[in-house]
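Novice: My questions are about this predicted structure, shown below with the sequence.
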Amino acid sequence: MLTAFVFLKVQRNSVNEIASELAMINRVSEVYSVAGRFDLTVIIRVRDCEELADVVTNKVLKFDGILDSETQIAFRVHSQHDLENMFSLGND
């Protein structure tokens, strides 16, 4: 399983609307509004890089109102909670 963090700068009046839409995308596990350089952090869990590329480019970044993005890929999980849930992806 591959986990990625997509950090988004969003137009100020669109943050809540975009966050709600992002949360409904298959393979998006969580969406957080955050303080700092970015407005939203999107956590994506997929099977491989091809699926990640599809989710990020064809689904997440399609929304009008996204001004900038940065994607980071996790190498290894270190928390016990995540280790226990690592293979909980559905079969869709």
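Specialist: Perfect, I can see it now. Keep in mind that this is a model prediction, so the values were computed, not measured.
Novice: going forward, measure contacts and count neighbours with C-alpha atoms only.
Specialist: Fine.
Novice: Contacts only, for residue 3.
Specialist: Neighbouring residues of residue 3 by CA atoms under 8 Å, 6 or more residues apart in numbering: 43, 44, 45, 46, 73, 74.
Novice: residue contacts, residue 65?
Specialist: Shown in contact with residue 65 (CA under 8 Å, 6+ apart): 10, 11, 14, 18.
Novice: ok so the last one is a helix residue?
Specialist: Read that as residue 18. Yes - counting by DSSP: H, G, I helix; E, B strand; the rest coil, one finds residue 18 located in a helix.
Novice: What are the neighbouring residues in contact with it?
Specialist: Here residue 18 is in contact with 63, 65 (CA under 8 Å, 6+ apart).
Novice: Give me the pLDDT value at it.
Specialist: According to the prediction, residue 18 has pLDDT 98.
Novice: Can I get the contacts of residue 3 in TSV including pLDDT, neighbour count and secondary structure?
Specialist: TSV is the format used below for the contacts of residue 3 (pLDDT from 0 to 100; neighbours: other CA atoms under 10 Å; DSSP: H, G, I helix; E, B strand; the rest coil):
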residue	pLDDT	neighbour count	secondary structure
43	98	20	strand
44	98	22	strand
45	97	22	strand
46	97	19	strand
73	97	14	strand
74	96	10	coil
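Novice: of these, closest to residue 56?
Specialist: Nearest to residue 56 out of the contacts of residue 3 is residue 44 (CA to CA; 8.6 Å).
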